[in-house]
Structures are given as C-alpha cells and as structure tokens.
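Chemist: Got a sequence here, can you model it:
(one chain, ligands or ions: 2)
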Amino acid sequence: VQKIAYRANILFFNEDPYFKETQEDALTFYKDGLLVLDLEKGTVIEAGSHEEMRIKHASVQISQEYKDKLIMPGFIDCHTHYPQTEMICSFASSLVNWLNTYTFPTEEQFKDINYAKKISQFYLNELLKNGTTTALVFATIHPESVAALFDEAIRLNMRIVTGKTMMNRNVPEFLQDTVEGSYRDSLNLIQSYHNVGRCLYSITPRFAPTSTQDQLNIAGQLKHNFPDTYIHTHLNENLQEVDQVKFLFPESENYLDVYDKSNLVHKQSVFAHCIHCTQPELDKLKQIQCGVAYCPTSNGFLGAGIFPYHQAVQNGINFGMGTDVGGGTDFGILRTLQDAYKFIMVNQQHVENRRPMTSFEGFYRATLGGCKALSLEHKIGKFLPGYEADFVVLDWCVNDIQRLRFENIEKRASSTQQSTVTFESLKLSTIKPGDDKYLLQDKLF
Ligand code: GUN
Ligand code: FE
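Modeler: Ligands and ions are numbered 1, 2, ... in the order given. Model prediction:
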C-alpha cells in the first residue's frame with residue numbers, strides 16, 4: 001500500500017457535543033497528529049499522534065507539515081444554489097420579488113451549456129477556497145446545468161449532490177418544465193451520473209408552490225424507482241410561503257404533509273430552512289430522520305425568520321449548515337456559522353441565561369452534523385480507517401489577534417471554556433480530496 005501522511009493538529013467529531021457535560025468528550029483531537037492515508041484509494045488508514053504513528057507506519061512519507069494548523073474533515077454545505085452565484089446579495093423586499101426580479105432571469109441563462117460550465121467552474125472553485133468539499137446543490141430546470149456541475153465535480157474529485165429542478169407552475173413560462181419532461185430528464189441524469197465518482201443525484205422539486213400535485217407525485221415515483229437517490233427541496237422558509245401552500249394544498253394537514261403525500265419524505269430527503277415548522281412537522285422530521293439545512297445568512301438576508309436552533313437540537317432534528325447562496329450572503333461555512341451564532345443569541349433575547357452555540361457545536365454542524373443530514377456519516381466526517389481522505393487545513397493563526405488567542409492550543413482543546421475559539425479570522429488552505437496538491441488562499445474570514 002502506498003501511504004502518504006499529513007502532519008498537523010487533527011480534530012474531528014464522533015458525536016454531537018451539545019448534550020455532553022464536557023464537550024471535548026464528543027471529539028477526537030491530536031495535538032501534533034499524523035493523518036496517514038492510502039494514496040491509491042484516497043482513504044484514511046489511521047489518524048493519531050505523530051509520535052505513535054511514526055512508529056506504527058515507519059516507512060510512511062510525510063508529504064506536508066502544517067505545524068500551527070488544524071486538519072479537520074471538509075466542510076459540508078447542505079443547501080445552496082449554484083446558478084445564483086452571480087446574483088448573490090441582490091436586494092429585494094420579499095422572497096417572491098427576489099425570485100422574480102433576480103433569480104428567475106439569472107437561472108434562465110443556464111439553458112446555455114457554456115454559461116453553465118463557466119459558472120460551475122467558478123462556483124466549485126469558490127467552495128474549495130472556503131473549505132467546502134461536499135455540497136447539496138440546486139441547479140436549474142435545464143439538464144445541461146446539472147451535467148455541467150457534475151462534470152466539473154468529477155474533475156475536481158468533489159462530492160456534489162444535485163439534480164434538475166422540477167417546476168411547472170407559478171414561475172415564468174421560460175422556466176417551466178412539464179410533468180413528463182421533468183421525469184424523463186431526471187431519469188436520464190440519474191442513469192448518467194448517480195453514483196459516478198462522488199456524484200449523487202437529488203430529485204429536486206423547487207418547493208411545493210412551483211409544482212402541481214401531478215409533478216410532486218412523479219417526483220415521488222422517481223424516488224420509488226431509485227430508492228437511494230436524494231430528495232432536495234425547501235420547507236417552511238417564510239410565512240407567506242406557508243400561507244400559499246395552505247391555499248394551494250387545502251387537503252394537506254401541513255406543509256410537510258404535502259411532500260409526504262407525494263412520497264417525498266424519507267431519510268435521504270433534505271429540507272432547506274424549516275424555520276416555521278409546527279410540532280407535528282418536527283415530530284415527523286425526527287421520526288424519519290430527514291436532513292434539514294440551517295441557512296442563517298439567507299434567513300437574515302431575505303428576512304425569512306430565525307431558525308430555532310435549541311428547539312431543533314432538543315427535538316432531535318437532523319440538521320447541518322447551508323449557505324443558500326445566492327439568498328445566502330457568503331459561500332463559506334465559517335461565515336455562515338458566525339451568523340448562526342448571532343441569530344441564536346438574538347433569538348434568546350427574553351431568556352435570562354442564554355445558551356450560545358459553542359464553537360464545538362458549530363464545527364460539529366459544519367462537519368459530522370452535515371454528514372448526518374446528508375446520510376454520508378459512514379463515508380466522510382471522521383478520520384477513521386476506511387473513511388475518505390476528505391479534509392481541510394485551517395490556519396488558526398492567520399493574524400496577530402488569532403495568534404494571541406490560539407497561542408495555547410492545549411488550553412483550547414482541553415478546557416471546558418471554549419470562549420477562545422471563534423469562527424472568525426480563520427484562513428483556510430484546502431486540500432482536494434485524495435489529492436496531494438493544496439491551495440493556500442489569502443482570503444480572510
Ligand atoms: N424558495 C424557492 N426557491 C428559492 C430560492 O431560490 N431561494 C430561497 N431562499 N428560497 C426559495
Ligand atoms: Fe434555497
């Protein structure tokens with residue numbers, strides 16, 4: 001076996017630190033660790049302390065030393081729209097105005113495969129720069145938009161879950177498909193890309209208001225025919241949308257029930273936002289262990305509301321972080337965590353003893369939490385034998401303030417006080433999965 005190794009401080013989570021009295025019990029940390037990889041398979045052989053690993057793997061060649069840096073599993077973006085790259089942060093007074101003014105005209109451009117290729121390259125490069133190696137991504141109704149993104153993901157060895165957007169009403173005609181057409185296009189893409197390399201297919205009705213019952217049913221039929229594909233859509237993002245769904249689907253008990261009646265609620269279903277869920281909906285999400293994407297930058301930018309973080313964790317909701325670009329305002333998960341932190345605090349304005357989201361909880365959501373939301377926890381998210389060599393390198397001493405804060409790394413990793421760890425000011429260097437080369441980025445966070 002041809003081995004390769006990276007020397008750095010190493011951190012990954014084994015479980016959610018939220019309920020642990022000592023949060024460090026939820027993670028594995030090696031100060032001056034060594035990550036030993038199988039170069040051919042691109043998998044982890046073992047992670048441990050440098051001292052121990054050098055004895056066990058005497059012949060191993062160390063390809064990179066990152067003395068002051070931290071290796072973590074690659075970040076996971078559980079909900080994002082790559083076609084909205086160019087229109088990120090366009091102002092609008094409501095979700096509907098935003099969709100009509102910016103989103104739909106931008107998405108129309110993806111009928112041109114060359115444009116789709118250009119944005120795919122730009123977008124995936126942006127994810128890697130931000131330390132994201134896995135993402136669940138919206139494309140457009142055009143099959144070309146999906147093919148372009150998958151092709152680029154294969155080239156970069158990234159794990160991308162995407163699929164053709166299905167929508168046949170309540171959007172401009174130039175962005176409507178049909179029930180039969182959406183089935184056929186989705187089927188072709190599943191056969192061409194699902195499980196090819198790290199590509200995975202998600203059946204993607206945009207959200208309930210933009211599909212007829214017939215189209216939702218055909219999406220459910222696809223899921224029945226290809227049970228290991230994903231379902232990806234929006235749920236309970238904003239109050240007007242919730243009202244609209246009540247009006248359009250009067251027979252359904254609630255919003256989630258619309259999807260459930262169409263055979264779209266499964267463990268491998270991922271629902272973006274889930275801000276305004278009723279208790280029966282939360283119960284259902286928990287029961288099925290559906291994935292949920294928490295998208296704080298978008299929820300703030302579009303004024304959708306505040307995701308009930310503590311309620312979600314305490315209700316056993318299976319959620320990870322999503323950027324929701326271009327409703328979201330940043331491509332990076334670290335920035336997204338900063339906003340999450342603030343919203344979680346603001347949401348407790350009437351609580352005397354506010355409970356912040358700790359850094360460990362945040363990094364958990366960015367990695368293993370996201371893996372679980374995307375049902376990938378047996379492939380990535382930990383550095384255990386056989387897991388994929390999917391990791392990023394964080395520079396926690398990117399500037400003088402950070403250096404000051406992180407001077408005593410042991411204190412950071414072994415104390416119950418985590419106040420010294422922030423999501424800010426981390427510089428990333430990203431290693432493409434299974435790839436020896438690395439990009440060192442200068443972008444400050
Ligand atoms: N709901 C339906 N489509 C969209 C979208 O593109 N962005 C957001 N944030 N919400 C949506
Ligand atoms: Fe979205």
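
Chemist: of all the residues in this structure, which ones are close to ligand 1?
Modeler: Contact residues (Cβ under 6 Å from any ligand atom) of the chain with ligand 1: 81, 95, 99, 103, 206, 207, 234, 237, 298, 302, 324, 327. Every residue, glycine included, has its C-beta placed from N, CA and C.

Chemist: Which one of those sits in the busiest neighbourhood?
Modeler: The most neighbours of any of these, using other Cβ atoms under 10 Å, belong to residue 327, which has 32 neighbours.

Chemist: Tell me who's in contact with the residue lying closest to it once chain neighbours are set aside.
Modeler: Leaving out its chain neighbours, the residue that sits closest to residue 327 by Cβ to Cβ, 6 or more residues apart in numbering is residue 298, at 3.9 Å. Going by Cβ atoms under 8 Å, 6 or more residues apart in numbering, residue 298 touches 273, 304, 322, 323, 324, 327, 328, 329.

Chemist: swap in residue 187?
Modeler: residue 222.

Chemist: and if you look at the one 3 residues further on?
Modeler: The neighbours of residue 190, taking Cβ under 8 Å, 6+ apart as the test, are 201, 222, 226, 229.

Chemist: For the first one, give me phi and psi.
Modeler: In other words, residue 201. phi -100, psi 140 (degrees, to the nearest 10).

Chemist: and it, what pLDDT?
Modeler: As predicted, residue 201 sits at a pLDDT of 98.

Chemist: Repeat that for the last one.
Modeler: Residue 229 is assigned 98 on the pLDDT scale.

Chemist: Find the helix or strand that the residue nearest to residue 327 is a member of.
Modeler: helix 296-301 (DSSP states H and E).

Chemist: CA atoms only for that helix, dumped as PDB, please.
Modeler: What follows is helix 296-301, C-alpha atoms only, in PDB (Å, rounded to 0.1, in the frame of the first residue of the first chain):
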ATOM      1  CA  PRO A 296     -28.700  31.700   8.700                       C
ATOM      2  CA  THR A 297     -27.100  34.100   6.300                       C
ATOM      3  CA  SER A 298     -30.000  33.600   3.900                       C
ATOM      4  CA  ASN A 299     -32.700  33.700   6.600                       C
ATOM      5  CA  GLY A 300     -31.400  37.000   7.700                       C
ATOM      6  CA  PHE A 301     -30.800  38.500   4.300                       C
END
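
Chemist: now it, how far from the centre of its chain.
Modeler: Distance of helix 296-301 from its chain centroid, counting by Cα atoms, centre = their mean, to the nearest Å, is 15 Å.

Chemist: picking that back up, got a winner among the contacts of residue 190 for most neighbours?
Modeler: Neighbour counts for the contacts of residue 190, by other Cβ under 10 Å, peak at residue 201, which reaches 27 neighbours.

Chemist: hang on, that one packs against residue 164?
Modeler: No - contact criterion Cβ atoms under 8 Å: residue 201 and residue 164 do not qualify, at 9.1 Å.

Chemist: what is in contact with those two at once?
Modeler: 186, 189.

Chemist: Mind checking if the helix holding residue 298 is in reach of ligand 2?
Modeler: No - counting by Cβ under 5 Å from the ion, ligand 2 is not contacted by helix 296-301; separation bottoms out at 6.7 Å.

Chemist: Please spell out which residues along the following helix or strand past that helix are buried.
Modeler: Using DSSP H and E, the helix or strand that follows helix 296-301 in sequence is helix 309-314. Neighbour-count burial for helix 309-314, counted by 16 or more other Cβ atoms under 10 Å, picks out 309, 312, 313.

Chemist: who in the chain is up against ligand 2?
Modeler: So far as Cβ under 5 Å from the ion goes, the chain lies against ligand 2 at 272, 324.

Chemist: So the chain: which segments form each domain?
Modeler: With domains defined by automatic domain parsing, the chain comprises 3-74+380-440, 76-347.

Chemist: Out of these, which one sits most buried?
Modeler: For the domains of the chain, the largest average neighbour count (mean count of other Cβ atoms under 10 Å) is found in domain 76-347, namely a mean of 21.

Chemist: Start and end of it, how far apart?
Modeler: With Cα to Cα, to the nearest Å as the measure, domain 76-347 spans 25 Å from end to end.

Chemist: Just give me how far it sits from the chain centre.
Modeler: Computed by Cα atoms, centre = their mean, the chain-centroid distance of domain 76-347 equals 11 Å.

Chemist: Over to stretch 347-358?
Modeler: Stretch 347-358 has its C-alpha centroid displaced from the chain centroid by 25 Å (Cα atoms, centre = their mean).

Chemist: hmm, who's touching that stretch?
Modeler: 17, 23, 306, 308, 309, 310, 337, 340, 341, 344, 345, 418.

Chemist: repeat that with 7 Å
Modeler: Contacts of stretch 347-358 with the rest of the structure, by Cβ atoms under 7 Å, 6 or more residues apart in numbering, involve 23, 306, 308, 309, 310, 340, 341, 344, 345, 418.

Chemist: All good on my end, thank you.
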